[in-house]
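Peer 1: Sequence first, then the predicted structure, then my questions.
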2 protein chains.
Amino acid sequence: MPRLLLKDLPRYDCLLEAAQKFPDLDPSACEVFLHLLRAGDEAFRVTDEHLSRHQISQGRFTVLMLLLDKAAGCPRPHTPAELADMGGVTRATMTGLIDTLERDGLVTRTPDPNDRRMMSVSLTAHGQSRLEGILPGHFRRMAQLMAPLSETERKTLVGLLTKILDSAAEFSKPASTATTPVVEN
Amino acid sequence: MPRLLLKDLPRYDCLLEAAQKFPDLDPSACEVFLHLLRAGDEAFRVTDEHLSRHQISQGRFTVLMLLLDKAAGCPRPHTPAELADMGGVTRATMTGLIDTLERDGLVTRTPDPNDRRMMSVSLTAHGQSRLEGILPGHFRRMAQLMAPLSETERKTLVGLLTKILDSAAEFSKPASTATTPVVEN
DNA sequence: GCCCTATAGTTAGCCCCCTAACTATCAGTC
DNA sequence: GACTGATAGTTAGGGGGCTAACTATAGGGC
């Protein structure tokens, strides 16, 4: 489920030309931006192909991973709200994901005895074995995708992406706490 | 509409620990992968916030951009199939996007007089002025997001992302033409 | 004990993405 | 001129995001 994006990224001289018409267009920023969205989408696609061969979507896969992580150590099971928060998704969305996962027998919902508003979501044995059958291939694809990059290049890339993540975080802050004013229009 | 992803990226030592359990897990590859998806998603979110304030989705925006590009030079209008191909999306999806854009009066569909199977999609005057009202702010957000990166860093980042794009392209190739065998499981 | 607010989860309705099947047209072949 | 296959576009149905509104429970203040 890739997003609609320019499939063929524009050549840099096209961006320079467009910048003539739009003074706000920063050609190198635009180039990085388009490459970033495109590369993120392609990386997503590579793993999604593998997951969909195992009849599972990226969203459901992430939920299973969050629950597996829990199974490994944390004693307390997760609530839908926690899962939604960890995944950066709304609770409504998480309800839908858990619905389909439960329908397929990969997770179970059990009511919390102490607080009757809450539910506990757990991986079933079937869900865990299913996940463990998917993971090795998933990791191999990740490794193969990144194979052309040296360890040094990987560190550099993570550093640059972190700068962008930090910069993006500024956009969510209220205006008063932002270090640089956020454009509004 | 961000995707479900780990909101808080795992610390590197957690990845090392997980690699004990899963021999196929390459920690640095995994780290790059997660940062890439997350950064792509955040960059998407930053611009999508702006677009949605203007009552337009990323998908519809891209269609308008493709049509604006056309208006600038290319004499021949675009067909839905061309737009779908340029955007890397199915024709069925493009039908839906054009439906809503036409409903809102931003584009028009006119039948091709020569080949009665085909349609021509064009930006309306309203669509063009609407788009031109959105673009400056869109470009400013892009520039602001990338502001922390120097020109040198931008070039480096584009280079590294291009390597990943090339690597991802190997996964779509048929096995016979791939330079390195693609993992299948 | 009762109100008020906050919280957990769900539901309803929308958008955008997909695949698969369908309709209509075109273009060749016999 | 009718069959066959390819192509353009749409439709139908599903998944997974979202917001907004709703239900039920919890918990504090009076």
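Peer 2: Perfect, I can see it now.

Peer 1: quick one: average confidence on stretch A:103-118?
Peer 2: The pLDDT scores in stretch A:103-118 average 92.

Peer 1: and it with chain B, contact?
Peer 2: No: shown here: stretch A:103-118 not in contact with chain B (CB under 8 Å from any CB of the partner chain), separated by at least 14.5 Å. No exception for glycine: its C-beta is placed from N, CA and C like everyone else's.

Peer 1: how long is that stretch from one end to the other?
Peer 2: 20 Å (CA to CA, to the nearest Å).

Peer 1: check which helix or strand covers the closest residue to DNA strand D within chain A.
Peer 2: In chain A, no residue comes nearer to DNA strand D than residue A:59, which is 2.4 Å away by CB to the nearest atom of the strand. Applying DSSP states H and E as the criterion places residue A:59 in helix A:58-72.

Peer 1: in that helix, what counts as buried?
Peer 2: A:58-67, A:69-70 (16 or more other CB atoms under 10 Å in any protein chain shown).

Peer 1: likewise stretch A:135-144?
Peer 2: A:135, A:137-144.

Peer 1: Leaving out chain neighbours, which residue sits closest to residue A:102?
Peer 2: residue A:109 (6.0 Å; CB to CB, 6 or more residues apart in numbering or on different chains).

Peer 1: swap that for residue A:80, sorry
Peer 2: Of all residues not flanking residue A:80 in the chain, residue A:94 sits nearest, at 4.9 Å (CB to CB, 6+ apart).

Peer 1: tell me what the one helix or strand that neighbour maps to is packed against?
Peer 2: For residue A:94, the host element (DSSP H and E) is helix A:91-103. Other helices and strands packing on helix A:91-103, by 3 or more CB pairs under 8 Å, 6 or more residues apart in numbering or on different chains; DSSP states H and E, are helix A:58-72, helix A:80-87, strand A:107-111.

Peer 1: Identify the residue of chain A closest to chain B, quick one.
Peer 2: residue A:40 (2.2 Å; CB to the nearest CB).

Peer 1: before we move on, back to that, quick one: residues contacting the residue nearest to residue A:102.
Peer 2: Residues near residue A:109 by CB atoms under 8 Å, 6 or more residues apart in numbering or on different chains: A:98, A:102, A:119-121.

Peer 1: Quick check: the farthest pair among those residues?
Peer 2: A:102 and A:120 (12.3 Å; CB to CB).

Peer 1: Spatially nearest residue to residue A:68, not counting backbone neighbours?
Peer 2: That would be residue A:131: by CB to CB, 6+ apart, it lies 5.8 Å from residue A:68.

Peer 1: Report how many residues lie close to the residue nearest to residue A:80.
Peer 2: 23 (other CB atoms under 10 Å in any protein chain shown).

Peer 1: residue contacts, it?
Peer 2: Counting by CB under 8 Å, 6+ apart, the residues that residue A:94 touches are A:63, A:80-81, A:83-84, A:87.

Peer 1: how about the helices in chain A?
Peer 2: Secondary structure of chain A (DSSP state H): helices located at A:12-21, A:27-53, A:58-72, A:80-87, A:91-103, A:125-146, A:151-172.

Peer 1: Of the ones you listed, which stretch is the most buried?
Peer 2: Highest mean neighbour count of those: helix A:27-53, a mean of 21 (counted as mean count of other CB atoms under 10 Å in any protein chain shown).

Peer 1: relative to helix B:58-72, how tilted is it?
Peer 2: 130 degrees (axes from the mean of the first three to the mean of the last three CA atoms, to 10 degrees).

Peer 1: average pLDDT across helix A:27-53?
Peer 2: 91.

Peer 1: close to DNA strand D, is it?
Peer 2: No: against DNA strand D, helix A:27-53 shows no contacts by CB under 7 Å from any atom of the strand, the least distance being 9.1 Å.

Peer 1: residues from chain A in reach of DNA strand C?
Peer 2: A:1-4, A:79-82, A:91-92, A:94-96, A:98-99, A:109, A:115, A:117-119.

Peer 1: Serialize the helices and strands packed on helix A:91-103 to a markdown table and add fields for distance to residue A:24.
Peer 2: Output for the helices and strands packed on helix A:91-103, formatted as a markdown table (distance: least, CB to CB, whole Å):
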| stretch | distance to residue A:24 |
| --- | --- |
| helix A:58-72 | 34 |
| helix A:80-87 | 34 |
| strand A:107-111 | 47 |
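
Peer 1: Where among the ones you listed is average confidence lowest?
Peer 2: Looking at the helices and strands packed on helix A:91-103, the bottom one is helix A:58-72 with a mean of 81.

Peer 1: Quick one: distance of that helix to the chain centre.
Peer 2: In this view, helix A:58-72 has its centroid 13 Å away from the chain centroid, taken as CA atoms, centre = their mean, to the nearest Å.

Peer 1: Just want the angle from that helix to helix A:91-103.
Peer 2: Going by the same axes, to 10 degrees, helix A:58-72 makes 80 degrees with helix A:91-103.

Peer 1: residues in contact with helix A:58-72?
Peer 2: So helix A:58-72 is contacted by A:1, A:44, A:47-48, A:51, A:56, A:76-78, A:83, A:86-87, A:89, A:93-94, A:97-98, A:100-101, A:106-107, A:121-123, A:127-128, A:130-131, A:134, B:3-6 (CB under 8 Å, 6+ apart).
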